[in-house]
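[1] 3D, please:
(one chain, ligands or ions: 1)
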Amino acid sequence: MRKVLIIGAGGVGGVVTHKCAEDSDTFSEIVLASRTMSRCEKIQKQVRELRGREIEIAQVDADDVAQTVALIKRVQPDLLINVALPFQDLPLMDACLEASVDYLDTANYEPPDEAKFEYKWQWAYQDRFESAGIMALLGSGFDPGVTNIFCAYAQKKLFDEIDYIDILDCNGGDHGHPFATNFNPEINIREITQRGRYWENGEWVEIDAMSQSRMFDFPAVGERKAYLLYHEELESLVKHINGLKRIRFWMTFGDEYITHLRVLQNVGMTSIEPIEYEGRKIIPIQFLKALLPDPSTLGENYTGKTSIGCLIEGRKNGETKKVFIYNVCDHEESWKEVRAQAVSYTTGVPTMVGAKMVLTGQWRGKGVFNVEQFDPEPFLEELGRRGLPWHVKEM
Ligand code: NDP
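    Numbering: from 1, shown residues only. Sure thing, here's the model as predicted:
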């Protein structure tokens, strides 16, 4: 009997709940808790209709450690899965420490008043998790998540030495809106509008936001322009992939998206600094979030595919070698299966697979871990079975 407590009933939370419900041998009991109860009820109903399973739901404010501790003590889960927002990472880790339960998430902590993506706050929990005898698994989504595991697999099976990694993320889908973000708008826009950063020859190189781009022929999508961004998995992969000379992250954006973003930025709508409006303080990016489509509602009319992978160069048996390890995911198929678009699907499936690795003891440790620190093979086997088949293309 293994019980899981999922926190966050958004786009990703829905997929994780469906996928855990699909595997009753591993996830024999599921509790979904979030800030807004109606969101939990909607997912509970879908899971009953589509998967024929009953789940328990609860209301919680995950910023309030005492509330989460009380919930954990009542529910007694074997693992807490955090698919709320990065702002909740630290309060949820604190609650897990206090109630002595394992923790898993998909995105690193961000302070609400500062757009920074760094593991330092969560890595600082290492000693406390280790001495409590529990584990935290960080970044078990797609990127971070599957991309880290593709790199770990390349290190273990495909290369003797790895020199260069380029992570390439393409959403070739169309949701029919002139401008919308595929996951939480506040997090997404903060990520894209920060300065670009990559790692080369032992140091970080910073560039202006969206100032470098390249064309890439994405499997199942075709040629697309991708922009260099800073992304959190770079920080942990630099530590865990041996002998790296350079690692970069690229994401595709259409011209329409970039034009909207530039205008919004120029008029100050993407700012996280509070402004005074009619006698009260508002944060422009939070106001913008209220205007944009809710990412969990984009799925129904979404067409096209995501195509995300790692382009890796190095040597095997003295020969130079270059591969692209990738997954393609179809928005319409995701909708049919779990009522979500492919960005939520590609995040939620690896979350469930990571949870399975922890619950079944295939990935075990005391302390705080990034996914690439464990054996990639059982994870990748399960990933294909659970709806995200992956491929290695020699380049
Ligand atoms: P959503 O905004 O759709 O969902 C977030 C959910 O968390 C909402 O239901 C929200 O509640 C809930 N929530 C927010 N604050 C609290 C709180 N204080 N207490 C309890 N619940 C709270 O986001 P997504 O589902 O798109 O994303 C979820 C996570 O996945 C994010 O951390 C995101 O960064 C990460 N992600 C990771 C990816 C990866 O590949 N690694 C890719 C995409 C996303 P309410 O309904 O009340 O607002």
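[2] near the ligand, which residues of this protein?
    Contact residues, the chain versus the ligand (Cβ under 6 Å from any ligand atom): 8-13, 34-36, 39, 60-63, 83-86, 88, 106-107, 141-145, 183-184, 187, 295-296, 343, 347. Heads up, the C-betas are built off the backbone N, CA and C, glycines and all.
[3] now, those residues that are in helices?
    When helices are assigned by DSSP state H, the members of the residues of the chain next to the ligand inside them are 11-13, 39, 187, 343, 347.
[4] so out of everything in the chain, what residue is nearest the ligand?
    Among the residues of the chain, G10 lies closest to the ligand, at 1.8 Å counting by Cβ to the nearest ligand atom.
[5] nearest residue to that residue other than its sequence neighbours?
    Computed as Cβ to Cβ, 6 or more residues apart in numbering, the closest residue to G10 that is not its neighbour in sequence is S296, at 5.7 Å.
[6] state the number of residues packed around the one you found.
    22 (other Cβ atoms under 10 Å).
[7] same question for the one 5 residues further on.
    Summarising burial for N301: neighbours were counted as other Cβ under 10 Å, giving 14.
[8] verify the stated contact: it with H175.
    Yes - using Cβ atoms under 8 Å, N301 is in contact with H175, at 6.6 Å.
[9] check what pLDDT the residue nearest to G10 gets.
    With respect to pLDDT, S296 scores 78.
[10] correct me if wrong: it contacts S344.
    Yes - S296 is within contact range of S344, at 7.0 Å (criterion: Cβ under 8 Å).
[11] intersection of neighbour lists for these two?
    10-11, 14 (Cβ atoms under 8 Å, 6 or more residues apart in numbering).
[12] below-threshold pLDDT in the stretch 251-395 of the chain: ranges please.
    Counting by pLDDT under 70, not a single residue of the stretch 251-395 of the chain qualifies.
[13] which residues in it form helices?
    Counting by DSSP state H, counting those that start in this stretch, the stretch 251-395 of the chain has helices at residues 255-266, 284-291, 331-338, 342-359, 376-385.
[14] can you list these in CSV and add mean neighbour count?
    Compiled in CSV, the helices of the stretch 251-395 of the chain are given as follows (neighbours: other Cβ atoms under 10 Å):
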stretch, mean neighbour count
helix 255-266, 14
helix 284-291, 15
helix 331-338, 20
helix 342-359, 28
helix 376-385, 17
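[15] those into JSON lines, with extra columns for distance to Y164?
    Shown next, in JSON lines, are the helices of the stretch 251-395 of the chain (distance: least, Cβ to Cβ, whole Å):
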{"stretch": "helix 255-266", "distance to Y164": "26"}
{"stretch": "helix 284-291", "distance to Y164": "34"}
{"stretch": "helix 331-338", "distance to Y164": "31"}
{"stretch": "helix 342-359", "distance to Y164": "24"}
{"stretch": "helix 376-385", "distance to Y164": "19"}
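[16] relative to R48, which of these is closest?
    Proximity to R48, assessed across these by Cβ to Cβ, is greatest for helix 331-338 (13.5 Å).
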